[in-house]
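Participant: Return atomic coordinates for the entry below.
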Amino acid sequence: MLQITHSIFIPETELELTYVRSSGPGGQNVNKVSSKCQLRWNAVRSPNIPAHLRERVLAKLATRLTTEGEILIASDSHRDQGRNREECLAKLKSLLVDALHLPKKRKATRATKSSQRKRVESKRKRSEIKGLRGRVR
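Facilitator: This next block holds a predicted model:
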């Protein structure tokens, strides 16, 4: 089970992991061992994401989805399958946590009278300094 939040879990049966030959590190071994991990997860058909959250996930990750609604993640930065697999799972978790995060509502605030006065005063002083740089008459 991949735990995304305290209430959202993705069972490993939904995740399709395949291993292919890597172009990453491994020396001569790179041509013999399939160490690159490719993770494929169908976000559209996953029953473990509530419907109201699924819409947000699909909207946020729209550029990463295939036409079937799958998210593809690959990792070949390590020499062995296990670490590449863990990195793929961590990437998926990170993507979903970021997509599910609700930004805080912004409270509209106003500048204080004092800050407005200071800003105008500093602009006036700066203008005077620049005006003194001109020709002397």
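Participant: okay, CA-based contacts and neighbour counts for the rest of this
Facilitator: Will do.
Participant: measure Arg133 to Val120 for me?
Facilitator: According to Cα to Cα, to the nearest Å, Arg133 and Val120 sit 21 Å apart.
Participant: quick one, which of these two is more surrounded?
Facilitator: Val120 (11 against 8; other Cα atoms under 10 Å).
Participant: Show the pLDDT at that one.
Facilitator: Reading off the confidence values, Val120 has pLDDT 97.
Participant: just Asp98 next, same as before
Facilitator: Taking Asp98 on its own, its pLDDT is 84.
Participant: tell me, how many neighbours does it end up with?
Facilitator: 13.
Participant: May I ask which helix or strand encompasses it?
Facilitator: In the assignment (DSSP states H and E), Asp98 maps to helix 81-100.
Participant: next one: Leu17
Facilitator: Leu17 belongs to strand 15-20, assigned by DSSP H and E.
Participant: residue boundaries of the helices in the chain?
Facilitator: 51-60, 81-100, 113-131 (DSSP state H).
Participant: I'd guessed Asp80 sits against Ser35; true?
Facilitator: Yes. Checked against Cα atoms under 8 Å, the pair Asp80 and Ser35 is within contact range at 5.3 Å.
Participant: so what's the most centrally placed residue in the chain up against?
Facilitator: Nearest residue to the geometric centre of the chain (Cα atoms, centre = their mean): Leu95, 5.1 Å. For Leu95, no contacting residues are found, by Cα atoms under 8 Å, 6 or more residues apart in numbering.
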